[in-house]
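Asks: Predicted model follows, preceded by the sequence.
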Amino acid sequence: MVSPVVDSWVAVPVLLNRGGLGKLALVANVKCIDRSDVLANADVIKPILKFYGTRVTINMLAEQVEMFFAFARPRGKPPVASDTIRAQAWILRRLVTEFNRAARRGHYPREKLMCEIYEESGIPLPFNPRD
């Protein structure tokens, strides 16, 4: 396809359904994105971290989101508005930033899903004191 990130998103049926509705990342409160939002959107941010790393720009993300929405759009439905694409790109950027904050702390993550995000993105897990 066009991009490895979009290919990864298309491979997940739940994300493909969201894309048909004009959504990609789901957060409870856009103004307050936290660790639980990162975990809830793990399938969305894993490919971003894997292929682009932790320093992504809004323009890079907006391009990926636009390609995904173009692929996921049902026939006969109008294209997703550009401000919706930018808003989703900003949400993704904030999710990556929140993951970066957690990764910089240097503590071993409690959640199994957070460990999977570390492994998928190629970031080495910190020392686990429980082992």
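Replies: It's in. Residues are numbered from 1 along each chain as shown.
Asks: Can you tell me how far residue 25 is from residue 112?
Replies: With distances taken as Cβ to Cβ, to the nearest Å, residue 25 is found 20 Å from residue 112. Placement of C-beta: from N, CA and C, glycine included.
Asks: With neighbour numbers in mind, choose between these two.
Replies: residue 25 (24 against 8; other Cβ atoms under 10 Å).
Asks: where does the chain have low pLDDT?
Replies: Filtered on pLDDT under 70, the chain yields the residue ranges 1, 131.
Asks: any idea how far residue 79 lies from residue 70?
Replies: For residue 79 relative to residue 70 (Cβ to Cβ), the value is 7 Å.
Asks: Isn't residue 54 up against residue 102?
Replies: No: using Cβ atoms under 8 Å, residue 54 makes no contact with residue 102, being 11.2 Å away.
Asks: More neighbours: those two, which one.
Replies: Using other Cβ under 10 Å as the criterion, residue 54 and residue 102 rank with residue 102 on top: 18 against 14.
Asks: I'd assumed residue 37 was in contact with that one.
Replies: No: between residue 102 and residue 37 there is no contact under Cβ under 8 Å: 11.5 Å.
Asks: who touches the residue nearest in space to the middle of the chain in this structure?
Replies: Against the mean C-alpha coordinate of the chain, by Cα atoms, centre = their mean, the closest residue is residue 45 at 2.5 Å. If you count contacts by Cβ atoms under 8 Å, 6 or more residues apart in numbering, residue 45 has them with 25, 38, 92, 95-96, 99, 117.
Asks: cool, and residue 115?
Replies: Counting by Cβ under 8 Å, 6+ apart, residue 115 touches 109, 125.
Asks: Helix or strand: which one has it?
Replies: helix 112-121 (DSSP states H and E).
Asks: and what of residue 14?
Replies: In this structure, residue 14 is located in helix 13-20 according to DSSP H and E.
Asks: the inter-axis angle of the longest helix anywhere in the chain versus helix 112-121?
Replies: Identified as the longest helix of the chain according to DSSP state H is helix 82-104. Angle, helix 82-104 to helix 112-121, by axes from the mean of the first three to the mean of the last three Cα atoms, to 10 degrees: 100 degrees.
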